[in-house]
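Following is a predicted model, sequence given first.
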Amino acid sequence: MSLYNAVDYSLYLVTDRTVLRGRDLIKSLEEAIHGGVTLLQLREKAASSLDFYRLALEVKALCTQYQIPLIINDRLDIALAIDADGLHIGQDDLPAAVARKILGPNKILGVSTATLQEAQEAIAAGADYIGVGALFPTDTKTDARSVSLEALKYLKENVNVPVVGIGGINETNIKAVFDTGIDGAAIVSAILGKQDITAAARELSEIIDLGGK
C-alpha cells in the first residue's frame, strides 16, 4: 500500500552541501528539523558511491531519531542499501515504472515533472508524489525548466497525488506557492544557506501554517 497519504510534504528540505559553506551537514540538518522540516531528501551529485552510502547511513540515523521520512535523490542503489523511506527521480533517471518495480509497493516514489503530461505518466507508473518546477530561478539546479505558478495551480487541480513545488522557493515567495493549493515546497538555500538554520526553517514553517496548507 502506498505511504504518501501519511506523509507531510509541506516543508521538504533538499540537501546541498555547497550552500553550507563548510558547516557540518548532520548538525545543520538537525537544526533544520528543529525548525520544522517535515521531510528530508539527501541529494549528493558529486560524492562517490561509498561516501554517499556512509553519509546516507548517518542521515538515516538522524531521520529515524526525529521520525522524519528520508528520501534519496536519484540513487536507487543507495536508497535500497540503507533502506530509506523512498526515492526521488528526474526525467533523465531510471523510468518511474522500473524504479517502482525495484523499490516495491511500500516505499515513497517521487518524480520531478514540468508538465501535466509528465505528471500523469509518472503517476500512472507508480509515483506517490510529484515535484514541479523550477518555479523561480535557482543556483542549485541550473538545468531546470521553468514552470509558472499558474501552470503549477493547473497541474495540482488535475492530478490526484501530492504536489511539491521546486526551485528558488524562499521566505518571500513561499506564500504565493502555497496559494496555488499544492502540498509542499522543496527548499534548499532558504534554509541551509542561512546563518541561523533553525530560525530560517521556523519562519518558513510559520508562513506555511498561516498561508495555508
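Cool, the structure landed.

low-confidence ranges in this structure?
1-5, 140-143, 211-213 (pLDDT under 70).

just checking, what packs against the top helix by length along the chain?
As assigned by DSSP state H, the longest helix anywhere in the chain is helix 49-66. Other helices and strands packing on helix 49-66, by 3 or more CB pairs under 8 Å, 6 or more residues apart in numbering; DSSP states H and E, are helix 25-35, strand 39-42, strand 70-73, helix 76-81. Any C-beta I mention is one placed from the backbone N, CA and C, and that applies to glycine too.

Just the C-alpha atoms of that helix, please, in PDB.
In PDB, the C-alpha atoms belonging to helix 49-66 read as follows (Å, rounded to 0.1, in the frame of the first residue of the first chain):
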ATOM      1  CA  SER A  49      29.100   5.700  -4.100                       C
ATOM      2  CA  LEU A  50      30.900   4.800  -0.900                       C
ATOM      3  CA  ASP A  51      30.800   8.300   0.500                       C
ATOM      4  CA  PHE A  52      27.200   8.700  -0.400                       C
ATOM      5  CA  TYR A  53      26.400   5.400   1.300                       C
ATOM      6  CA  ARG A  54      28.200   6.300   4.500                       C
ATOM      7  CA  LEU A  55      26.600   9.800   4.600                       C
ATOM      8  CA  ALA A  56      23.200   8.300   3.900                       C
ATOM      9  CA  LEU A  57      23.500   6.000   6.900                       C
ATOM     10  CA  GLU A  58      24.300   9.000   9.100                       C
ATOM     11  CA  VAL A  59      21.400  11.000   7.800                       C
ATOM     12  CA  LYS A  60      19.100   8.000   8.100                       C
ATOM     13  CA  ALA A  61      20.000   7.600  11.800                       C
ATOM     14  CA  LEU A  62      19.100  11.300  12.300                       C
ATOM     15  CA  CYS A  63      15.800  11.000  10.500                       C
ATOM     16  CA  THR A  64      14.900   7.900  12.400                       C
ATOM     17  CA  GLN A  65      15.700   9.700  15.700                       C
ATOM     18  CA  TYR A  66      13.300  12.500  14.800                       C
END
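
for the helix or strand harbouring residue 209, packing partners?
Element membership for residue 209 (DSSP states H and E) is helix 197-211. Packing partners of helix 197-211 (3+ CB pairs under 8 Å, 6+ apart): strand 11-14, helix 25-35, helix 174-178, strand 184-187, helix 189-192.

So what touches it?
For helix 197-211, the external contacting residues (CB atoms under 8 Å, 6 or more residues apart in numbering) are 10-11, 13, 28, 31-37, 171, 174-175, 178-179, 185, 187, 190-191, 194.
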